[in-house]
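1. Would you be able to build a 3D model of this:
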Amino acid sequence: GRLEEQVPAADMLIDVGGVHLLDIPDCMGQTPIVLAQRSKNTYIVACFIKAQVFQFLFGRPYISRNHYANLFICFMLVTISIWAFVVAPEYLAFLVLGAVRCAENIWHSWCSAPSAAPRIFGIPG
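-> Modelled structure (predicted):
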């Protein structure tokens, strides 16, 4: 009954920029997330929190309009993070060290041949 009526309304509000209103309390001092939690609408709470997180990370409340695609992307990011920081941190350190060394070599070659810098950009030196 009520959940089927509330979900489309909540989705429409989020689509038109209502994500920024999720932290603003009403006249009783309660936010929409707190109201949804109190009425035990865990689906709406999850949608609100997902919209806030995606708004913060990507600048929009969703990556796609399909919840399964969003969950797939979130789980893939969690899996990659766990692999990179827990299972194989030495590979991550190796990649970071390689990037730092590459940047260091570029910096040294740039500084050691300052006369080459104008020629790179097509300016006669």
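2. from here on, contacts and neighbour counts on C-alpha atoms
-> OK.
3. tell me, what residue is most central in the protein?
-> residue 57 (2.8 Å; CA atoms, centre = their mean).
4. mind showing which ranges of this structure have poor pLDDT?
-> Confidence mapping of the chain against pLDDT under 70 gives the ranges 1-5, 110-125.
5. Regarding it, what is its longest helix?
-> What stands out as the longest helix in the chain, according to DSSP state H, is helix 89-112.
6. What is the burial count for residue 27?
-> Look at residue 27: counted by other CA atoms under 10 Å, it has 7 neighbours.
7. what's it sitting at in phi/psi?
-> Phi and psi for residue 27, reported as degrees, to the nearest 10, are phi -70, psi -20.
8. How much space separates it from residue 38?
-> Distance, residue 27 to residue 38, using CA to CA, to the nearest Å: 16 Å.
9. Name the helix or strand for the residue nearest to residue 55 when sequence neighbours are not counted, please.
-> Residue nearest to residue 55 in three dimensions, not counting chain neighbours: residue 61, with 4.6 Å by CA to CA, 6 or more residues apart in numbering. For residue 61, there is no host helix or strand (DSSP states H and E).
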